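Novice: For reference, the sequence and a predicted model appear below.
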Amino acid sequence: MIRNSIFFLTSSTIAPLLSAFQVFDQTYPDFASNISFEIYKSHNIGNVYIKMLYNGTARKMPFCTSAVPDKSQELCALNDFFQHMDSLTPLNYTEECKCSDIINPDWDD
């Protein structure tokens, strides 16, 4: 069984996550809002899928193109999910995020 827990503590971290997954509806998250990711595995063909829930309601992630045939459109193929995650992850953090020496000091000086 696959288990994972990620906790986001405030609406100021939930809203950017919703935006990153392209499901933010421009409404500020309510108090005690939550995001859950459920993982499903197809028994007959072995594919793995992810479902995103925001306050208990499934959200279809628009970047997911490999939907499960005849099943919930909210399920996202693991490959689609990881491709999107890779597109959000900087390859060169210092260059892409334009970090200055104040944020990333050179401790050797």
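Specialist: That came through fine. Numbers count the residues shown, from 1 in each chain.
Novice: hey, where'd the helices end up in the protein?
Specialist: All helices of the chain, identified by DSSP state H, fall at 11-20, 78-88, 93-96.
Novice: Can you tell me the centre-most residue of this protein?
Specialist: Central residue of the chain (CA atoms, centre = their mean): residue 21, 5.3 Å from the mean position.
Novice: who's in contact with it?
Specialist: Contacts for residue 21 were tallied using CB atoms under 8 Å, 6 or more residues apart in numbering; they are 52, 59, 61, 84. C-beta coordinates here come from the backbone N, C-alpha and C atoms, glycine included.
Novice: for the first one, what are its contacts?
Specialist: Meaning residue 52. Residue 52 makes contacts with 21, 23, 35-37, 58-59, 61, 74, 76, as judged by CB under 8 Å, 6+ apart.
Novice: Show me which of those are buried.
Specialist: Among the contacts of residue 52, those scoring as buried are 21, 23, 35, 58-59, 61, 74, 76 (criterion: 16 or more other CB atoms under 10 Å).
Novice: Out of those residues, which sit inside strands?
Specialist: 35, 58-59, 76 (DSSP state E).
Novice: And the worst-scoring helix or strand of the chain on mean pLDDT, how far out from the chain middle?
Specialist: Taking mean pLDDT, DSSP states H and E as the measure, the helix or strand of the chain with the lowest value is helix 93-96, at a mean of 75. Chain-centre distance of helix 93-96: 21 Å, with CA atoms, centre = their mean, to the nearest Å.
Novice: Surely residue 33 touches residue 54?
Specialist: Yes - between residue 33 and residue 54 there is a contact at 7.2 Å, judged by CB atoms under 8 Å.
Novice: Of the two, which one has the most company?
Specialist: residue 54 (19 against 15; other CB atoms under 10 Å).
Novice: circling back to that earlier point, what does the pLDDT read for the residue nearest to the centre of the chain?
Specialist: Residue 21 is assigned a predicted lDDT (pLDDT) of 90.
Novice: Make TSV out of the helices of the chain and add distance to residue 42 and mean neighbour count.
Specialist: Shown next, in TSV, are the helices of the chain (distance: least, CB to CB, whole Å; neighbours: other CB atoms under 10 Å):
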stretch	distance to residue 42	mean neighbour count
helix 11-20	26	15
helix 78-88	11	13
helix 93-96	36	10
